[in-house]
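# test case, fold it:
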Amino acid sequence: MKNDKLVTIPIGPEHPALDEPASFTVTLDGEKVVDVVVGVGYNHRGLEKACESRTYAQDLFLVERVCGICSHTHSTAYCQGLEELAGVEISRRAKYIRVLVSELERLHSHLLWLGVAGHEIGFDTLFMCTWRDRERVLDVLAEAGGNRVNYGVNAIGGVRRDIDPELETRIRSMTDVLEKEIDYYLELAMTDSVLAARFKGVGVLPRADAEKFGVVGPVARADGIADDVRVVEPYAAYDELKVNQVTDDHCDVFGRTIVRIKELQESLRVIRACLDGMPEGPLKVNVPRRIPKGEVISRTEAPRGENIQYIRSNGTDIPDRIRVRAPSEANWHGMKRMMQGAYLADVPIIVAANDPCYSCTDRAVVVRGAGGRRAMDWEELRAYGVEWYRGRGADISRVEEKLK
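Got it, this is the predicted structure:
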């Protein structure tokens, strides 16, 4: 029987609380959320498909632009995957520089998130302070790579930018300033009654549900799940620069806040360790233009969580397939559970606490003209792909016959 007390309202796809387009259809009983339909697909750019018609060298610049906040971690996953396929070992110095830039990126991402979280609850002083501190990090990244985002540090076979003594001094000075500020943010989070009232018990995701939905990164670690790729499967120089994994057991927005602030402190420690132990050596080794035939899965720990890239090569200089599973794509599935039972006023901070990247997540939706519009299922998509390639001279039926 229809419940006349329930009200359904749309949030998005264009909304002041959303940085990128997404749609949340929220069903309310009074002020409480009883159901949510999460809709994405407004920001699809076709990067994976674009990579399959360009060379590996060209694709590096595309992959780095999967996400503006996590650009370095995406290019790191891509480069180390190709290096594994090519059987190439990069220098220790290149590995250290990759880690250094990765942790600088984590600083700017988490500070950005903390400011947005403050803004979503009306705490704009926190927003201004954290973004002021984020500017210090972005200035260093701009000096290291020539740009505030998409720094272009990685190269296939190593890195293209070095850390000179002057830049090292700048980085050390920045970490000294940030250390005091981050200590203050942690004290604020632990003692401020307003933050506690707005964050504790909000957006609860029990550990069993976190494991069921496969959430990653700070969202998972706030549920006590130790899943940091830097620890469980060290890459680059993380086997030498040990990371102290941060976890919490609040299972809510408060826990996700504590995890990120403590990870800021840990990033400062790792950055200093990088500078103290920076080895000598070349920045780059040669990698063949044609990558040997094979496939690889490459994992990194983005600021938002586990980042996975699948690369399949066919022996040419153009990849056969590239698939990016960004952390936001994994964290979307638990968002509906977080909102159920929450108040409508808490929806913006629940969404923000996941730190979602919509362009990382979105995949294609095919719009048909005469018959209206609808999303393709897997079989339809496969049939469409077969016909698309057949029109360009590739007959998939011949491949299927050989496989038989």
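# shouldn't Ile297 be within a strand?
Yes. Using DSSP: H, G, I helix; E, B strand; the rest coil, the assignment for Ile297 is a strand.
# skipping adjacent residues, who's closest to it in space?
Tyr310 (5.4 Å; Cβ to Cβ, 6 or more residues apart in numbering). C-beta: built from backbone N, CA, C; applies to glycine.
# which secondary structure element is home to the one you found?
strand 305-313 (DSSP states H and E).
# partners of the helix or strand that comes right after that strand, with directions?
Following strand 305-313 in sequence order, the next helix or strand is strand 321-325 (DSSP H and E). Within its sheet, and counting by DSSP bridges, strand 321-325 is paired with strand 305-313 (antiparallel).
# so which bits of the strand holding Tyr310 are buried?
Along strand 305-313, these residues count as buried under the neighbour rule (16 or more other Cβ atoms under 10 Å): 305-311, 313.
# try stretch 23-33
Quick answer for stretch 23-33 (16+ other Cβ under 10 Å): 23-24, 26-28, 33.
# least confident of those residues?
Of all the buried residues of stretch 23-33, Ser23 carries the smallest pLDDT score, 80.
# in the sheet, who's paired with it?
Residues in beta-bridge contact with Ser23 (DSSP bridges): Gly39.
# cool, and the one 4 residues further on?
Under the criterion DSSP bridges, Thr27 forms beta bridges with Thr8, Asp35.
# measure it to Val253 for me?
21 Å (Cβ to Cβ, to the nearest Å).
# so where's this protein shaky on pLDDT?
1-4, 15-19, 362-379, 381-382, 389, 392-404 (pLDDT under 70).
# one more time with 50
1, 403 (pLDDT under 50).
# would you state the strands of it in chain order?
6-11, 23-29, 32-39, 154-155, 158-159, 294-302, 305-313, 321-325 (DSSP state E).
# how far off centre is the fifth one?
Here strand 158-159 shows a centroid-to-chain-centroid distance of 21 Å under the convention Cα atoms, centre = their mean, to the nearest Å.
# centre of the chain to the lengthiest helix in the chain, how far?
For the chain, the helix with the greatest residue count under DSSP state H is helix 92-120. Put simply, helix 92-120 sits 11 Å off its chain's centre (Cα atoms, centre = their mean).
# go on, stretch 236-255?
On Cα atoms, centre = their mean, the centre of stretch 236-255 falls 15 Å from the chain's centre.
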